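1. give me coordinates for this.
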Amino acid sequence: MRKLKIGMISFAHLHAVSYLQALAQRSDVELTGIADENKERVEPYIRQYGLPYYADYRELLAGDADAVIISSENARHAELTIAAAKRQKHVLCEKPLGLSKDEMRQMIAACEENGVQLMTSFPNRYIPMVVEAKQAIERGEIGRVVAVKATNKGEMIGGWFNDRTLSGGGAVIDHTVHVMDLLNWILRSQALEVYAESGSLFHGADIDDAGMVHVKFANGVIAALDASWSRTHPFPYKRDLTMEVIGTDGVISFDYFAQINEIYSATTDHAEWSYWGDNKDELLIDDFISCIRENRPVAITGEDGYNSTVIALAAYESIRLKKPVRL
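-> Residues are numbered from 1 along each chain as shown. Predicted coordinates:
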């Protein structure tokens, strides 16, 4: 079996490291190199894995890679995806897919026109407890879903994440897209209205680090999300993902990061949690590779990336207008 050739473009987003680790352990994949204008950022990985380095992503795209993984700043997703599509490379693009409806539509169209697949990086769909919850809901075990309460809290990473020209916003866009993709997937209903509020409450930075997003769906479900960077340094784990799905006949709750070991050590000034559960990034990479090899549609498409991002964009419009926004 021929090895699938995959290149990586940018390590600006922290997910690039876990994707590289997942790829490097596979015998059926050949890494064609890393492209990043910031060589210092990727130098450790170039040395560790003995990979070619490209200062210009166009040089990597000129090679024989079958697919690329894009983990750049959010504002560069469209440029890089379109360039890859024109070189007939399949694309796995970090979330959010883009920062405007127009550029996301251009990304999707470029991939369709060039006969390549565009997958949006939403690894939370591969969490076993999420999959089980979706299946239970589809079996009708809690009756008709009427409401959802969710949290997706994290730490403030800083750097380009705090630069709106590169990120498109703060915690609201960073965390809303993840949960809204899950809700779009689980509920199979269109979001109709968004109301959101945000603030800078935890870090003193000039960007939203706290957000509450409320969404009404066409099937009558109302969802409330805490999308924030409220996990400060002393907290033992830097992010969470919880969801409580309320139905007419019952409730399903899950907490992804409940699979942890508690660590108490004199070398740190706070307790730590060590996660031991399933590696959702590996599961996403596995599926991306399988879809390309088997020539079947990817599970999380560019349209899925679009549908979650427009909710986050509507949340910012609601914050600006101080009222609900219709989609």
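2. from Ile285, how far out is Arg26?
-> 8 Å (Cβ to Cβ, to the nearest Å). Just so you know, the C-beta spots here come from the backbone N, C-alpha and C atoms, and that holds for glycine as well.
3. how close does Ile46 get to Arg26?
-> The gap separating Ile46 from Arg26 is 19 Å, by Cβ to Cβ.
4. for Leu327, that is, sorry about that
-> Applying Cβ to Cβ, the value for Leu327 to Arg26 is 39 Å.
5. what pLDDT does Phe266 get?
-> You called it Phe, but residue 266 is Ala. Ala266 carries a pLDDT value of 78.
6. which helix or strand contains it?
-> Under the criterion DSSP states H and E, no helix or strand holds Ala266.
7. neighbours of it, how many?
-> A count of nearby residues for Ala266, using other Cβ atoms under 10 Å, gives 5.
8. quick one on the thing from earlier: Arg26 and Ile285: who's more crowded?
-> Using other Cβ under 10 Å as the criterion, Arg26 and Ile285 rank with Ile285 on top: 26 against 16.
9. show the pLDDT at the more buried one.
-> The score at Ile285 is 98. That number is its pLDDT.
10. mind checking the SS state of Asp287?
-> Classification of Asp287 using DSSP: H, G, I helix; E, B strand; the rest coil returns helix.
11. apart from its neighbours in sequence, what residue is nearest it?
-> Counting by Cβ to Cβ, 6 or more residues apart in numbering, Ala299 is the residue found nearest to Asp287 once chain neighbours are left out, at 5.8 Å.
12. which residues does Ala150 contact?
-> Under the criterion of Cβ atoms under 8 Å, 6 or more residues apart in numbering, the neighbours of Ala150 are Val179, Leu182, Leu183, Ala223, Ala224, Leu225, Asp226, Leu241, Thr242, Met243, Glu244.
13. helices along the stretch 1-150 of the chain, start to end?
-> Ranges of helices within the stretch 1-150 of the chain are 15-24, 39-49, 57-61, 77-86, 101-113, 128-138, based on DSSP state H, counting those that start in this stretch.
14. ok, now the stretch 201-327 of the chain?
-> 280-294, 302-321.
15. may I see the buried residues of the last one?
-> I take that to be helix 302-321. 302, 304-316, 318-319 (16 or more other Cβ atoms under 10 Å).
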